[in-house]
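Novice: Let's see this in three dimensions:
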Amino acid sequence: MRTLYQFPLSHFCEKARWMLDHKELEYVAHNLVPIVHRAFAKLKTGQYKLPILHDQERWIADSTEIALYLDEIYPERTLLRAEKLQRTEALEINDLANELGRHVRRWTMAHALSKDEESLDLLIGEKGYLRQFEKYSKPIMKSLVSKGLKLDEAEIQASKLKMDDLVNTLNQKLIDQQGRYFVGDRLGLADIAVCSMLAPILEIEATPWEKEYGEISSEEFRKFKAILTDMPLGQYVLRIYQTERNARVDWRGV
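Specialist: Model (predicted):
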């Protein structure tokens with residue numbers, strides 16, 4: 001059985017889940033604990049990145065490397081087109097989405113950790129020592145995540161400015177493609193990458209970022225979400241999630 005080692009809250013892991021689901025491959029989503037995961041990742045792949053896919057005898061780290069591996073080993077329902085120009089364009093958009101994702105991660109996590117405990121609940125998991133001793137593990141985890149993501153005010157504001165720039169760039173690229181898909185005439189890596197990276201801001205239904213009725217977000221967060229929702233890019237993400245995101249595995253993992 002394939003295993004995807006993940007953080008449930010990570011939009012990069014959502015990207016990997018979506019790629020596996022798109023190819024209709026069976027897998028288990030296995031949760032790792034932030035910060036503690038680094039030793040496991042280093043042992044198995046020689047680096048610290050998640051997600052990690054374990055398939056047969058192979059260990060593949062990083063969502064883009066997983067995409068390339070899946071197309072090589074499981075060519076059905078390809079993520080990248082064979083035509084050189086379309087392949088190059090898709091990888092360029094994927095790179096933009098990955099950069100966007102890093103800034104979205106910092107900005108949204110800063111907002112999440114400042115207002116509620118739900119994000120910490122997902123980070124420490126439903127079982128294990130961190131849950132048993134959550135009175136102590138939650139503040140420790142919050143401190144470690146804040147330090148790891150550089151959640152100081154200057155970095156957060158810099159990420160917001162970069163998010164604005166990348167969102168506008170991707171919005172224009174989508175308009176240039178007449179708004180259906182980013183590359184070609186069907187779903188591919190570029191679409192999955194962009195949609196996954198923006199899901200935390202749009203609080204997509206049936207994802208880790210879905211908000212229950214009545215939950216309160218900051219005014220800044222609500223404003224940015226409203227702006228994005230009104231853009232062609234935001235409408236596209238909502239549509240693609242509704243029509244193309246056929247999840248086969250629960251994002252909560254095990």
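Novice: quick one, strands of the stretch 151-254 of the chain?
Specialist: With DSSP state E, counting those that start in this stretch, there are no strands along the stretch 151-254 of the chain.
Novice: Please spell out the segments of it that come in under the pLDDT threshold.
Specialist: Low-confidence segments of the stretch 151-254 of the chain (pLDDT under 70): 151, 212-216.
Novice: 80 instead?
Specialist: 151-152, 179, 211-217 (pLDDT under 80).
Novice: Helices of that one, residue ranges please.
Specialist: Across the stretch 151-254 of the chain, reading from the start of the chain, the helices by DSSP state H, counting those that start in this stretch fall at 153-176, 189-202, 219-230, 232-244.
Novice: which helices and strands does the last one pack with?
Specialist: With contacts taken as 3 or more C-beta pairs under 8 Å, 6 or more residues apart in numbering; DSSP states H and E, helix 232-244 sits against helix 153-176, helix 189-202, helix 219-230. C-beta coordinates here come from the backbone N, C-alpha and C atoms, glycine included.
Novice: most packed of those helices?
Specialist: Counting by mean count of other C-beta atoms under 10 Å, helix 189-202 has the highest mean neighbour count of the helices and strands packed on helix 232-244, with a mean of 27.
Novice: Let me know the angle separating it from helix 232-244.
Specialist: Inter-element angle recorded for helix 189-202 and helix 232-244: 110 degrees (by axes from the mean of the first three to the mean of the last three C-alpha atoms, to 10 degrees).
Novice: out of the helices of the stretch 151-254 of the chain, which comes closest to residue 182?
Specialist: Ranking the helices of the stretch 151-254 of the chain by proximity to residue 182 (C-beta to C-beta) places helix 189-202 first, at 4.0 Å.
Novice: Which elements pack onto that closest one?
Specialist: For helix 189-202, the helices and strands in contact under the criterion 3+ C-beta pairs under 8 Å, 6+ apart are helix 11-22, helix 84-115, helix 219-230, helix 232-244.
Novice: now those helices in CSV, with distance to residue 2?
Specialist: Converted to CSV, these look like this (distance: least, C-beta to C-beta, whole Å):
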stretch, distance to residue 2
helix 11-22, 7
helix 84-115, 22
helix 219-230, 33
helix 232-244, 21
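Novice: Ok, which of those comes nearest residue 187?
Specialist: Of all the helices and strands packed on helix 189-202, it is helix 232-244 that lies closest to residue 187, at 5.1 Å by C-beta to C-beta.
Novice: Could I get the buried residue list for that closest one?
Specialist: Neighbour counts using 16 or more other C-beta atoms under 10 Å place 233, 234, 236, 237, 238, 240, 241, 244 of helix 232-244 among the buried residues.
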